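*Asks:* quick one: sequence and predicted model below, then my questions.
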Amino acid sequence: MNPNAERLIRETWMQLVPIRAVAAELFYSRLFAIDPTAEELFAGKPMHEQYDKFLKTVDWLVQTLDYPPRVIEELQALSRRHVGYGVIVAHYETVGAALLWALEQGLGDKWDADVKRAWTELYIFISGVMVREATPSSA
């Protein structure tokens, strides 16, 4: 990821901090609307706790963007945990769509082509690492 994209991600995430809870709610509402199977993964769980976990994870990722080996290691561990929760590869596409949509809603007119490109690039990286970890090797 180039330094400009990292800067845009950090800046725009900081702009969302005042509405963090709203951003998390937007994300999950959109996710469940476009992928009802994802909602089943959270049945019986307090969503406010999930919102907090989601926000802490994004916070951590944004803070450690400039240290890819550490990010990859944590994403691999996160992927293994998600497999245990019942997450399947198809969920990564809908999670990405919901995330980008929630960011766009939260950022409003600050969401432009460069910001979209930066966050999309980050999500492609995140999901790529996690999907590779979740998919059994054919070797």
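*Replies:* Sure, I can see it.

*Asks:* so, low pLDDT: which residues of the protein?
*Replies:* Scanning the chain for pLDDT under 70 picks out 138-139.

*Asks:* which residues of it fall in helices?
*Replies:* Taking DSSP state H to define them, one finds helices in the chain at 3-16, 20-34, 36-40, 47-63, 68-85, 89-107, 113-134.

*Asks:* can you list those helices in a markdown table and add mean neighbour count?
*Replies:* Yep, even glycine has a C-beta here, placed from its N, CA and C like the rest. Formatted as a markdown table, the helices of the chain follow (neighbours: other CB atoms under 10 Å):
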| stretch | mean neighbour count |
| --- | --- |
| helix 3-16 | 16 |
| helix 20-34 | 18 |
| helix 36-40 | 13 |
| helix 47-63 | 14 |
| helix 68-85 | 14 |
| helix 89-107 | 18 |
| helix 113-134 | 17 |
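
*Asks:* the residue positioned nearest the centre of the chain: what's it in contact with?
*Replies:* Centrality entry for the chain: nearest residue to the mean C-alpha point is residue 99, 5.9 Å, by CA atoms, centre = their mean. Listed by CB atoms under 8 Å, 6 or more residues apart in numbering, the contact set of residue 99 reads 27, 119, 123.
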